[in-house]
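Student: structure here, sequence nowhere to be found:
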């Protein structure tokens with residue numbers, strides 16, 4: 001390899017595989033969830049707009065890409081060059097409007113063509129390529145997005161909302177019957193319908209829920225902190241006390 005920061009980095013990872021006892025023991029499977037964790041740390045840095053942190057987290061993510069390629073090369077599966085060649089060929093193939101003679105009118109047409117080109121690569125279903133390991137909200141959103149590209153979608157936002165109302169009613173009916181398995185299924189249908197509605201609002205449901213979780217955490221921790229400063233144990237506090245502090249938190253903390 002030529003003497004570049006990237007080639008030096010690859011050489012370091014290869015030396016770690018040869019000389020570090022921990023690195024030598026790792027397999028594709030043993031570090032698969034570490035890869036997911038690093039990807040989430042990249043996302044967190046982006047959401048918090050911590051650009052120096054993003055630089056660091058992208059490095060950690062790159063480490064996993066190279067590390068998996070090193071393991072694969074040792075096992076005779078593929079090399080890092082194969083990985084780079086593969087993604088290069090894919091990008092050229094999926095961007096005929098850049099590298100070929102295809103003309104597009106905008107980003108939406110690019111996305112439609114992208115899905116068509118994926119099918120030409122040998123995929124059987126338009127839903128293929130959405131990992132089962134994705135968080136459920138993200139996966140639901142992505143699957144619905146893919147189905148919509150072939151016209152399987154509501155025509156209007158109001159229709160999507162009516163589906164939310166319909167699923168809410170079916171959940172209430174299942175609860176009234178005391179049927180726990182049916183209630184679980186209906187709750188899943190309701191969540192799926194809400195995710196679908198979020199697409200029409202152009203809101204990513206995962207992002208929306210994450211922000212709500214952060215807001216809940218800030219407010220609840222305010223309740224904990226205020227009770228502690230008053231010499232009270234949260235475990236011995238009443239719901240009325242906590243609810244009053246919760247309403248106070250809503251006023252003094254950012255939304």
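Tutor: Done, it's in. What you are looking at is a predicted structure, and each value in this text was computed from that prediction instead of being measured.

Student: quick check: what element follows the helix or strand hosting residue 15 along the chain?
Tutor: Per DSSP states H and E: residue 15 is located in helix 5-19. Past helix 5-19, heading to the C-terminal end, the next element that is a helix or strand (DSSP H and E) is helix 21-25.

Student: so how far is that next one off the chain centroid?
Tutor: For helix 21-25, the separation from the chain centroid amounts to 29 Å (computed by Cα atoms, centre = their mean, to the nearest Å).

Student: repeat that for stretch 194-201.
Tutor: Using Cα atoms, centre = their mean, the distance from the centre of stretch 194-201 to the centre of the chain it belongs to is 16 Å.

Student: for stretch 171-187, same thing?
Tutor: On the basis of Cα atoms, centre = their mean, the separation between the geometric centre of stretch 171-187 and that of its chain is 29 Å.

Student: still on that earlier bit, would you mark the buried spots in the helix holding residue 15?
Tutor: 10, 13, 14, 16, 17 (16 or more other Cβ atoms under 10 Å). Every residue, glycine included, has its C-beta placed from N, CA and C.

Student: can you pull the contacts of residue 245?
Tutor: Contacts were defined as Cβ atoms under 8 Å, 6 or more residues apart in numbering; by that measure residue 245 touches 222, 223, 226, 227.

Student: okay, and which of those map to helices?
Tutor: 222, 223, 226, 227 (DSSP state H).

Student: can you count the residues close to the second one?
Tutor: Here the count is done by other Cβ atoms under 10 Å, and residue 223 has 20 residues near it.

Student: do the same with the third one
Tutor: Using other Cβ under 10 Å, residue 226 is surrounded by 19 other residues.

Student: for it, give me its contacts.
Tutor: With Cβ under 8 Å, 6+ apart as the criterion, the residues that contact residue 226 are 245, 248.

Student: read off the pLDDT value for it.
Tutor: According to the per-residue confidence, residue 226 scores 96 in pLDDT.

Student: returning to that earlier point: which neighbouring elements make contact with the helix holding residue 15?
Tutor: helix 21-25, helix 51-74 (3 or more Cβ pairs under 8 Å, 6 or more residues apart in numbering; DSSP states H and E).

Student: hmm, back to that, next, give me the two most distant ones among the ones in helices among the contacts of residue 245.
Tutor: 222 and 227 (9.6 Å; Cβ to Cβ).

Student: in the helix or strand where residue 199 lies, what's buried?
Tutor: When elements are assigned from DSSP H and E, residue 199 belongs to helix 180-200. Residues of helix 180-200 classed as buried by neighbour count (16+ other Cβ under 10 Å): 183, 186-187, 189-200.

Student: residues near residue 171, how many?
Tutor: Per other Cβ under 10 Å, the neighbour tally for residue 171 reads 20.

Student: give the contact list for it.
Tutor: Residues in contact with residue 171 (Cβ under 8 Å, 6+ apart) are 183, 186, 187, 189, 190.

Student: same check on residue 126?
Tutor: Taking Cβ under 8 Å, 6+ apart as the contact definition, residue 126 lies against 115, 119, 146, 147, 149, 150.
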